[in-house]
Structure formats: structure tokens, C-alpha cells
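Visitor: Curious how this folds, go ahead:
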Amino acid sequence: MKIFAQRLRELRLQHGFTQKYMAEKLHIKQQSYSRYELATGEPSLAILTEIAVIFNVSTDYLVGLSEI
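Guide: The predicted structure follows:
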């Protein structure tokens, strides 16, 4: 799921958010969020959906199934 990790990091930086901010928004530990960006952990479907809402993108985009 490296594409997810790359896109997640890119979107976070584009929006000027810190990992701590994202973890707080998602109600998870910062360490858990960090694992998503390092591609050593994967979010649940609920968290993935929340991330898509935060960045106003589709879940398909986040996981690399779409370029839009």
C-alpha cells in the first residue's frame, strides 16, 4: 500500500497539517498515523473514509485506484 502512504503524506503536507493534527482529527494515536505514512500499517475502512472526507478526495484516489 505504498501508494496510499505517498498520497497521504502528500495531501497532509499540501494542506499544511502535522501528523499530530491528523491523529487528533482521526481520534487515533500519532504513532498509528505515522505507520500509515510509513506503509507499515493500514487504516480501518472507517479511518480511510474519514481521511478521504478531510482531504475531499475519494477513497479510490487514496488507495491508487483512481488518479482523480
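Visitor: all helices for this protein, in order.
Guide: For the chain, the helices defined by DSSP state H cover 2-14, 19-26, 30-38, 45-55, 59-63.
Visitor: by contact count, what packs against the longest one?
Guide: Right, the one you point to is helix 2-14. Helix 2-14 is packed against helix 30-38, helix 59-63, with contacts defined by 3 or more Cβ pairs under 8 Å, 6 or more residues apart in numbering; DSSP states H and E. In short, each C-beta sits where N, CA and C put it, glycine included.
Visitor: Let me have those helices in TSV, adding mean neighbour count, mean pLDDT and distance to Gln19 as columns.
Guide: Output for the helices and strands packed on helix 2-14, formatted as TSV (neighbours: other Cβ atoms under 10 Å; pLDDT from 0 to 100; distance: least, Cβ to Cβ, whole Å):
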stretch	mean neighbour count	mean pLDDT	distance to Gln19
helix 30-38	16	98	5
helix 59-63	16	97	16
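Visitor: Compile the ones you listed into TSV and extend it with columns for distance to Glu10.
Guide: Shown next, in TSV, are the helices and strands packed on helix 2-14 (distance: least, Cβ to Cβ, whole Å):
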stretch	distance to Glu10
helix 30-38	10
helix 59-63	11
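Visitor: can you tell which of those helices is closest to Leu8?
Guide: Closest approach to Leu8 among the helices and strands packed on helix 2-14 (Cβ to Cβ): helix 30-38, 5.6 Å.
Visitor: who does that closest one touch, helix- and strand-wise?
Guide: Using 3+ Cβ pairs under 8 Å, 6+ apart: helix 30-38 touches helix 2-14, helix 19-26.
Visitor: Can you name every helix or strand that the shortest one contacts?
Guide: Contact partners of helix 19-26 among helices and strands, from 3+ Cβ pairs under 8 Å, 6+ apart: helix 30-38, helix 45-55.
Visitor: quick check, distance from the first one to the centre of its chain.
Guide: This means helix 30-38. 9 Å (Cα atoms, centre = their mean, to the nearest Å).
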